Every structure is written in structure tokens, then in C-alpha cells.
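> give me a 3D structure for the following:
(4 chains)
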2 protein chains.
Amino acid sequence: MNKHVTSDGTVGKALELLDMVVAFGRSVRFSEVLEVSPFPKATTHRLLQTLTNQGMLAFDEDRHVYVPGMRLVRMSRHAWTQSSLAPLAQPFVAALAADVSETIHLAQMERGRVIFVEKTTPKTGFKTMATPGRRSPAHCTGVGKVMLAFMDAARRTEALDGQSWEGFTPNTHRSSDTLLPELEQIRAEGVAFDREEHEQGIISIAAPILGGSSRVIGALSVVTSTFRMSLKDIEKFRPALQRTAAQIGGEAAGWPYPIAQ
Amino acid sequence: MNKHVTSDGTVGKALELLDMVVAFGRSVRFSEVLEVSPFPKATTHRLLQTLTNQGMLAFDEDRHVYVPGMRLVRMSRHAWTQSSLAPLAQPFVAALAADVSETIHLAQMERGRVIFVEKTTPKTGFKTMATPGRRSPAHCTGVGKVMLAFMDAARRTEALDGQSWEGFTPNTHRSSDTLLPELEQIRAEGVAFDREEHEQGIISIAAPILGGSSRVIGALSVVTSTFRMSLKDIEKFRPALQRTAAQIGGEAAGWPYPIAQ
DNA sequence: CAAGCTAGTCCCAAATAATGGAACAAAAGT
DNA sequence: ACTTTTGTTCCATTATTTGGGACTAGCTTG
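Residues are numbered from 1 along each chain as shown, chains lettered A, B, ... in the order given. Take a look at the predicted model:
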């Protein structure tokens, strides 16, 4: 008798479509949406119309394309300032970045998936797939694993059930059988390591950000490449990383930020 | 047989509630939402649950409050970069700000209401109510009036019907009877003036931003106070203002931005 | 420029989901 | 311990969503 991860009712379907349109990251034609929509043509069309009526999408009559609407722009901006750790954490992240001269990721969790909300790259930077607003699996990222490790048991079980267990590299965990023991260890150590589990050649050390009632509200990581450093080398970032995570957590405590789930 | 401005179906109701929660700008208790909700208790509760399930809201079990959810946070990146003029206009706005040394507002329109998407204040700045993400009435702001003036007739009629006609100062238009002739004049002149219609002591000159097919996608204004300048004085900003608006429009043409409506 | 094709829109009887008054439960106050 | 306030759930009724398919607009091709 558990809650379903997927849609409840019409609202769920509409939001699913909204998400799809927005995720395109560009204007889209009806037929493009229809291709990825799990709903029949008439239903898809009607839901898009509703969303457009509601200002969540805008329809360009010349080009016949849908784009995110102004209502979504306005609401999501409020959401960003209120519920993303980025504005609050920004100065601390910048200080850490200056300190370690490596890429820093700040992430939060949305239903078992990692959302990157801030990223700083040093001048000498290389590219990782993470980019603000991007959603990645939790089972194969440093920030994801550390949030899984520290969230409460019920949420963790649910989150693990929802993982894709997609294998990105030979090191990627493919099931909770191998991940669970590691989570135990992460809880003991206080930090998680990404051992090239998401991208070949990319490693990281990640610490949880704990808000009020020591619940996980996000995670912070120092990311580098195996060309520059080894797993052993990045261990040295641990004190600065944990200190910064604690500072951010301290600032955030007392504010209700979304709990990782 | 016209379209209704208000809610269609369950999706409309859910979005209305979402909007309310987000608009609070802080975490809210169920009872606070219920107070402003037009729906009965059970319905309000169920819709909030649905939104929470969907990740559009997050519920803090300790504090018993709702906050914007991570799903909305994630969408904000995409929505902002795609549909707000701010990223694209930023350099032009900065140049104009440096040129005139006055406050600049960049706005777009959501169903007859003005949304401020960017604002720059000179060091010597004073405070106006406008702040990015804020929504204001169109009938009493420079950017609002100029967008109304230049949008197509059908949309304009609909937008005017939706105005609150709230009187903020003695100069505020209280009905379309007085506003319509001014819109005519604005169309002829190419710019609109805010003559202390929204805030006592605040005046502005605003120009429309026209995208492809010369449709209004936004507006730009130079704002100052009557302590510093007169309505006649700010006329001198017109060339720079219009030039900048044209530059932004030029950049935006070819991209489908939400049309003012 | 008409015919053919594809993309987009609309209709309506059946199926399904939303509704909300009222009862109930859980906190908070006294 | 009791009262009040706040939050949650139930379920028969009611209203909305659904989607196959027909239709229309817009584009392409012979």
C-alpha cells in the first residue's frame, strides 16, 4: 500500500507534460511533445492548452511552438530564491572554491534525484556533465550518495527504489546490494567519494549539508579529474569541505528548506 | 463565448494554490493557505497534497509548513534562461544604466500584469517597489502602459478587462476611459511616461521591446524620482532608451519569447 | 493549383476522478 | 486532564477528464 512515485490525477499528468516541455530547453512543436508524451494525442493537446491558458506555457502562434510561460518564470524565480540553497550558500561556496582551486558542486535532492543548484569552475577548469538546474541520478554521484547516506531510513528506501541503476562506467553501482554497505561506511566517515562512477576520469569528495534537526538539505562536493589528482589526494579537501558544509547548514538552520527526499 | 481568464479544471485550481503558496515568499502553514484559498478545506488540503507529491511544494514535517519544492526550483533555471529577457538583455541594460546613471527596469507581461525581470540601481539609488520577480498592475506603470499600447487589439482588450484599476496615487488611471486615449498617444509617441501613477514621487519613461513580427515581448524604462528630475527632464533619456530597446529586440528576434498578453 | 499528406484541433458518450460536508485525529493552549 | 484549534480522512455524489476518431489547416508535390 505504498505511495506511487508517478502521477496522481490530472494535475500529475499536466505537470509531467510541463516538465517535458521545459526540459527540452528550447521551443518545441506539438508533435515533438507528443512523441515523448505518454498520453494520447487528444489528451496531450488538451493538457498543453490548459497549461498555456494558465500561463505556465506560452504558445507562439507564428512559429507554432511552446515555450515556458511567464507565470512559470515568476513562480520558479520565487522558488529559486526561497528553496534553493544557492543564494544563501554562494559566499561560502566561493570561499571554498578560492581555497581549493577545484570545481565545487552544490546539490539538493528531488525525489531521489540530484539537482545541481550551483557550480563553480576554476579557470583551469575541465568540463563535467553537472550544470546548474541539471538532474542526475543519485546512485553514482558523490553528492547523491552522501545525501542518501544521511537521509532518514524511510526516505532512503523510497529513494533507492526509484533509482535507475544505470551503469555509466565500470565503477557504477548497479543495485542497492553494493551501495547499501557503502552508505553505511559514508555515514561513519562523514564524506562520500565518487570513484569515477558517473564519468570516466572524474572523482569527487562530498559532504552533507545538515539543516535544522540535522536533516539533510543538500550536499557539497569538491570535484576534480584523475589527470590532476588521485582519490587519496582529494582526501585533503575534507576539512575545508566539511567546514564549509557546516557553515552553510548553520545559515540554513531555522529556515525551512526542502528536505532531501 | 470567450475564454475565461480564470481556472480551467483541476489543473487550474492546483496552480492557483501553488501560486498562492509561492507568492507568500516564505513558508506557510496549512491554515494560512486555507484563509486565502477560494476552495473548501478538504479540497485545499487535497490539492496541496497533490502538489507536494509532485514535488512542486515541499512540506516540512517539523514545522508543519509548505515551501516551494525542488521540482519548481529545477524548472526555474530552464524557464528563466529560455523565457525571461534578462540574460539576453543584461549587457544592454548595463550599458544603458552606465550611460544614464538612473534606475533601469526590464519587464515582461503575464496576462495583463507586469513582471519585472531585471532591475539595476545606480549607487545613488533610491528604492522603488519593483524587484525582480515581482508582479505589478499594468495600468499604472510606465512599462505596463507601453506594453498595453503596443500589444495587439484583442489581447489589449482582454488585458484591460483584467486590470484591477486600483488607485495608488491621485494620478492613477481608474478606468480604461482615461487610459485608452493615453495608449493612443503612447503608440504615436513611441514611449510612455509614468507620472507618479504607481508611487508618489516616482516617474519614468518607458519604451517597448519588439521581437519578431513586431510583437511586444517586453519593455524597458528609466526610472527616477521627482526630487531629482522632472517629467520634462527625463524626456532626454528617450534616444538612449529606444536605442537600447531596439538592440534587445534585435537580439530577441528569431527566438520565440512569450508575447505580452 | 489541385490532390495528397502531415500536423494540429475538436467532439462527445463513456469512464474516471474530483468534490466537500462532516466526522475524526492530533497538537496546542489553559 | 480538558478545551480549543488545527490538520487529516472518508465516501456517496457530482463533475470533469478521457481518447478514438472525425475534422481542418497548412504544407508539399506532381
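
> where exactly do the strands run in chain A?
A:57-60, A:65-68, A:103-110, A:113-120, A:135-137, A:192-195, A:202-210, A:216-225 (DSSP state E).

> save these as TSV, and put in distance to DNA strand C and mean pLDDT too.
(Each C-beta comes from the backbone N, C-alpha and C, glycine too.) As requested, the strands of chain A are exported to TSV (distance: least, Cβ to the nearest atom of the strand, whole Å; pLDDT from 0 to 100):
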stretch	distance to DNA strand C	mean pLDDT
strand A:57-60	7	94
strand A:65-68	8	96
strand A:103-110	22	96
strand A:113-120	24	95
strand A:135-137	25	95
strand A:192-195	33	97
strand A:202-210	22	97
strand A:216-225	21	96
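
> do you know how far residue A:205 is from DNA strand D?
Noted for residue A:205: a distance of 38 Å to DNA strand D, by Cβ to the nearest atom of the strand, to the nearest Å.

> beta partners of that residue?
residue A:193, residue A:222 (DSSP bridges).

> so it makes contact with residue A:145?
No: using Cβ atoms under 8 Å, residue A:205 is not in contact with residue A:145, being 11.0 Å away.

> now the common contact residues for these two.
Counting by Cβ atoms under 8 Å, 6 or more residues apart in numbering or on different chains, the contacts common to residue A:205 and residue A:145 are A:192, A:194.

> hmm, back to that, tabulate the strands of chain A (JSON lines), appending mean neighbour count and distance to residue B:197.
Output for the strands of chain A, formatted as JSON lines (neighbours: other Cβ atoms under 10 Å in any protein chain shown; distance: least, Cβ to Cβ, whole Å):
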{"stretch": "strand A:57-60", "mean neighbour count": "23", "distance to residue B:197": "28"}
{"stretch": "strand A:65-68", "mean neighbour count": "24", "distance to residue B:197": "30"}
{"stretch": "strand A:103-110", "mean neighbour count": "27", "distance to residue B:197": "41"}
{"stretch": "strand A:113-120", "mean neighbour count": "23", "distance to residue B:197": "39"}
{"stretch": "strand A:135-137", "mean neighbour count": "19", "distance to residue B:197": "44"}
{"stretch": "strand A:192-195", "mean neighbour count": "23", "distance to residue B:197": "56"}
{"stretch": "strand A:202-210", "mean neighbour count": "26", "distance to residue B:197": "46"}
{"stretch": "strand A:216-225", "mean neighbour count": "27", "distance to residue B:197": "43"}
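
> is there a neighbour count for the residue in the stretch 1-150 of chain A positioned nearest to DNA strand D? I'd like the number.
Nearest residue of the stretch 1-150 of chain A to DNA strand D, counting by Cβ to the nearest atom of the strand: residue A:42, 3.1 Å away. For residue A:42, the number of neighbouring residues by other Cβ atoms under 10 Å in any protein chain shown comes to 8.

> partner residues bridging the residue sitting nearest the centre point of chain A?
In chain A, the residue lying closest to the centroid (Cα atoms, centre = their mean) is residue A:115, at 1.3 Å. Beta-bridge partners for residue A:115, by DSSP bridges, are residue A:108, residue A:135.

> dump the residue contacts of residue A:72.
By Cβ under 8 Å, 6+ apart, residue A:72 lies in contact with A:18, A:22, A:55, A:56, A:57, B:75, B:79, B:83.

> kindly provide the distance from the third one to residue B:8.
Residue A:55 sits 12 Å away from residue B:8 when distances are taken as Cβ to Cβ, to the nearest Å.

> neighbour count: these two, which is higher?
Between residue A:55 and residue B:8, residue A:55 has the larger neighbour count (other Cβ under 10 Å), namely 21 against 15.

> which parts of stretch A:8-15 are buried?
Judged by neighbour count using 16 or more other Cβ atoms under 10 Å in any protein chain shown, the buried positions of stretch A:8-15 are A:10, A:11, A:12, A:13, A:14, A:15.

> with pLDDT and distance to DNA strand C added, can I get those residues in a markdown table?
Formatted as a markdown table, those follow (pLDDT from 0 to 100; distance: Cβ to the nearest atom of the strand, whole Å):
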| residue | pLDDT | distance to DNA strand C |
| --- | --- | --- |
| A:10 | 94 | 4 |
| A:11 | 96 | 6 |
| A:12 | 96 | 7 |
| A:13 | 96 | 9 |
| A:14 | 96 | 10 |
| A:15 | 97 | 11 |
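
> narrow these to those in helices?
Members of those lying in helices (criterion: DSSP state H): A:10, A:11, A:12, A:13, A:14, A:15.

> dihedrals phi and psi, residue A:175?
phi -160, psi 170 (degrees, to the nearest 10).

> shouldn't it be in contact with residue A:165?
Yes: using Cβ under 8 Å, residue A:175 is in contact with residue A:165, at 5.8 Å.

> which one of the two has more residues nearby?
Neighbours were counted for residue A:175 and for residue A:165 using other Cβ under 10 Å; residue A:165 has more, 14 against 11.

> wouldn't that one be in contact with residue A:178 here?
No: the criterion here is Cβ under 8 Å, and residue A:165 misses it with residue A:178 at 10.1 Å.

> up against DNA strand D, what does chain A have?
Taking Cβ under 7 Å from any atom of the strand as the criterion, chain A approaches DNA strand D at residues A:10, A:13, A:39, A:40, A:41, A:42, A:43, A:46, A:47.

> who's in contact with the most far-flung residue of chain A relative to its centre?
The C-alpha centroid of chain A is most remote from residue A:62, which lies 35.2 Å away (Cα atoms, centre = their mean). Residues near residue A:62 by Cβ under 8 Å, 6+ apart: B:212, B:213.

> for the residue of the stretch 1-150 of chain A closest to DNA strand D, give its distance to residue B:16.
25 Å.

> same question for residue A:121.
Distance from residue A:121 to residue B:16, by Cβ to Cβ: 40 Å.

> where in the stretch 101-250 of chain A is pLDDT low?
Within the stretch 101-250 of chain A, the stretches with pLDDT under 70 are A:124-130.

> could you pull out the helices in it for me?
Remark: helices assigned in the stretch 101-250 of chain A by DSSP state H, counting those that start in this stretch are A:142-150, A:153-161, A:176-189, A:231-234, A:238-252.

> please identify the deepest-packed of those helices.
helix A:142-150 (a mean of 29; mean count of other Cβ atoms under 10 Å in any protein chain shown).

> list the contacts of it.
Against helix A:142-150 from outside (Cβ under 8 Å, 6+ apart): A:105, A:107, A:109, A:113-114, A:116, A:136-139, A:156, A:159-160, A:179, A:182-184, A:186-187, A:191-194, A:204-208, A:210, A:216, A:218-221, A:223, A:260.

> quick one: residue A:18 and residue A:55 touch, right?
No: with contact defined as Cβ under 8 Å, residue A:18 does not reach residue A:55; the gap is 11.4 Å.
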